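K.L.:
Give the three-dimensional model of this entry:
(one chain, ligands or ions: 1)
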Amino acid sequence: MASSLSGLFSSTPSLKPSKTFTVKALSAPRGDSSFSFPHTSKPTHPPLTLSTSRSVARDISHTDAAAAKKELIKDPDALWNRYLDWLYQQKDLGLYLDVSRVGFTDEFVVDMEHRFKAAFKAMEELEKGSIANPDEGRMVGHYWLRNSSLVPKPTLKTLIENTLDSICSFSDDIISGKIKPPSSPAGRFTQILSVGIGGSALGPQFVAEALAPDNPPLKIRFIDNTDPAGIDHQIAQLGPELASTLVIVISKSGGTPETRNGLLEVQKAFREAGLNFAKQGVAITQENSLLDNTARIEGWLARFPMYDWVGGRTSVMSAVGLLPAALQGIDIREMLAGAAIMDEATRTTSLKNNPAALLAMCWYWASDGVGSKDMVILPYKDSLLLFSRYLQQLVMESLGKEFDLDGNTVNQGLTVYGNKGSTDQHAYIQQLREGVHNFFATFIEVLRDRPRGTRSALYANGRESISVTIEEVTPRSVGAIIALYERAVGLYASLVNINAYHQPGVEAGKKAAAEVLALQKRVLSVLNEASCKDPVEPLTLDEIADRCHAPEEIEMIYKIIAHMSANDRVLIAEGSCGSPRSVKVYLGECNVDDMYA
Ligand SMILES: O=P(O)(O)OC[C@H]1O[C@H](O)[C@H](O)[C@@H](O)[C@@H]1O
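P.N.:
All right, here's what the predicted structure looks like:
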């Protein structure tokens, strides 16, 4: 194994990819004598621009598939040697990474040298506290959560350690019954209802599914959407146990509308059951956010901090993930320890010894550095079912970006999907093996289980795959695989020159949602005015749009009205849904604007 990245590259002259990124096989001809994707002649195509690279990449992949299949049949020894040569092992974690079934060549590895140098440097600066999210002017410090000695300011160390201590003592007191719900016959908390969305739900959900014991001290349920039926379902399932339910409201910003709606619905359920919500409510949010202020003013049972330097999608090792986990009896210090070991292992600049760098390199190779193939995650363990959903946010929100760091339009990304190993074998592996070749697979394998043949079956048809193997699903290994992918995403983002730590697209979506709410208010005010006339004046959609001074928004106005009439008896829409121009709308009562405030 190479001892350092520069050592690995030093014997061969660097083949740098051109500025406009070209398909790997064109910038780095595949001609690896020791492996199975042999391309001995240098392609003669001119360099491709981003827009044309994808179709050529597909043609090349077909060629690769055929070549790989032939080579595999011809030379299994070469494959075994490649396996041995690239196998990564982290002994303390019992974690292995096998990238041998991804067909990168030696030339490609060399070609990536300068990109990796820059990626490792950017990561080092991030860990030292650089402003890695310039949009929000914030540092990115999720790595400090598991090694507080890395913080750039001593006050943060105290904050991290004190928060961890208070999470542990609060959850001990809840579990032991020292802190009790005020009016539950059970005499102690038995259930958790977690209200949050995105990064404020996915981490806790994944950890619960992966690690909660069969009979946890508190069982957890989630409200992670605004669907009223879904919220009602969760509350109904709690039934009389609402009286012994600890409600944890999680929102970094403290103002996410979906989470706020969930909270209001839960508070309503508490009022209807004659329960005092404040005595059972816990907030996890940034200091002085709307949620924090609400919790403080209403005197909720507890408040735990979120930090501006931890992004939602990497917040699972902050109070966001740790508090729910501790309440379910999961050893959170072990989770942190696993992540810390992986963080240390992924700091090395020696490519072959850095599993996150190996992953990032494989993603680059497999998807041409432009997301031309999807990443299918196949965990062979029921308890890891939610890993792909968790990774979807981590990877896609981090990498799915319109612009690169130089302001060029790149529309980057890497699509992630997956469910669970054997189950998928009987659902969609048929297509993966034989159908459209638009993916690479990642097997998450647990050693204390049976071996599977899917990897070979896919490989025999030229489908690339990565295998991450852990010995057991434990707090330590779960902490480690989370940390592994966090670092891989950060490194990959540098390789493709994008910022992994902001989410301008989501902010645009939030702005659009706020605009719809503002339009809804204007629609109601116009309808209210017309409906308070005597006689009532029903309005067509065109008339409403004109009076709202928003003729260009007529379709949105129609949708707003369709939703309101389906949900509220007060709004009456007459005419045929099939022909919106025939619809006339009025309010059954006037002066109802407050209903929608
Ligand atoms: O935790 P919150 O502030 O409520 O945000 C919840 C989610 O909101 C948006 O969708 C962001 O893009 C996510 O990264 C975040 O996790």
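
K.L.:
can you tell me if stretch 242-256 touches the ligand.
P.N.:
Yes. Stretch 242-256 is in contact with the ligand by Cβ under 6 Å from any ligand atom, via Ser251, Lys252, Ser253, Thr256. For every residue, glycine as well, the C-beta is placed using N, CA and C.

K.L.:
Identify the residues contacting Val376.
P.N.:
Taking Cβ atoms under 8 Å, 6 or more residues apart in numbering, we find Val376 in contact with Val416, Tyr417, Gly418, Leu432, Phe439, Phe440, Ala441, Thr442.

K.L.:
and which of the residues you listed is nearest to Ile341?
P.N.:
Thr442 (20.7 Å; Cβ to Cβ).

K.L.:
bridging residues for that closest one?
P.N.:
Ile377, Ile466 (DSSP bridges).

K.L.:
Quick check, it in contact with Tyr380.
P.N.:
No. In this structure Thr442 lies outside contact range of Tyr380 using Cβ atoms under 8 Å: 11.2 Å.

K.L.:
Please identify which of those two sits among more neighbours.
P.N.:
Set side by side, Thr442 and Tyr380 show more neighbours around Thr442, with 27 against 22, by other Cβ atoms under 10 Å.

K.L.:
Quick one: residues contacting the residue lying closest to Pro538 once chain neighbours are set aside.
P.N.:
Once flanking residues are discounted, Pro538 sits nearest to Lys584: 3.9 Å by Cβ to Cβ, 6 or more residues apart in numbering. When contacts are counted by Cβ under 8 Å, 6+ apart, Lys584 touches Pro538, Leu539, Thr540, Ala573, Glu574, Gly575.

K.L.:
and the gap between the third one and the ligand?
P.N.:
In this structure, Thr540 lies at 36 Å from the ligand, with Cβ to the nearest ligand atom, to the nearest Å as the measure.

K.L.:
bridging residues for that residue?
P.N.:
Lys584.

K.L.:
That one against Arg581, yeah?
P.N.:
Yes. When contacts are counted by Cβ under 8 Å, Thr540 is listed as touching Arg581 (7.1 Å).

K.L.:
Looking only at neighbour counts, state which of those two leads.
P.N.:
Set Thr540 next to Arg581 and count neighbours by other Cβ under 10 Å: Thr540 wins out with 15 against 11.

K.L.:
Which pLDDT does the model give that one?
P.N.:
Turning to Thr540, the model gives it a pLDDT of 95.

K.L.:
Tell me the secondary structure at the closest residue to Pro213 other than its chain neighbours.
P.N.:
Distances taken as Cβ to Cβ, 6+ apart place Gly329 nearest to Pro213, at 5.7 Å, with adjacent residues excluded. At Gly329 the chain is in coil, as set by DSSP: H, G, I helix; E, B strand; the rest coil.

K.L.:
Report how many residues lie close to Gly329.
P.N.:
15.

K.L.:
any idea how far it is from the ligand?
P.N.:
25 Å.

K.L.:
Ser318 too?
P.N.:
Noted for Ser318: a distance of 11 Å to the ligand, by Cβ to the nearest ligand atom.

K.L.:
ok, now Val416?
P.N.:
15 Å.

K.L.:
So what pairs up with that residue in the strands?
P.N.:
Beta-bridge partners of Val416, as defined by DSSP bridges: Met375.

K.L.:
Could you give the number of residues near it?
P.N.:
Neighbour number of Val416 under other Cβ under 10 Å is 22.

K.L.:
Over to the one 3 residues further on?
P.N.:
Summarising burial for Asn419: neighbours were counted as other Cβ under 10 Å, giving 16.

K.L.:
wait, what's in contact with it?
P.N.:
Counting by Cβ under 8 Å, 6+ apart, Asn419 has contacts Leu378, Leu385, Ser388, Ala427.
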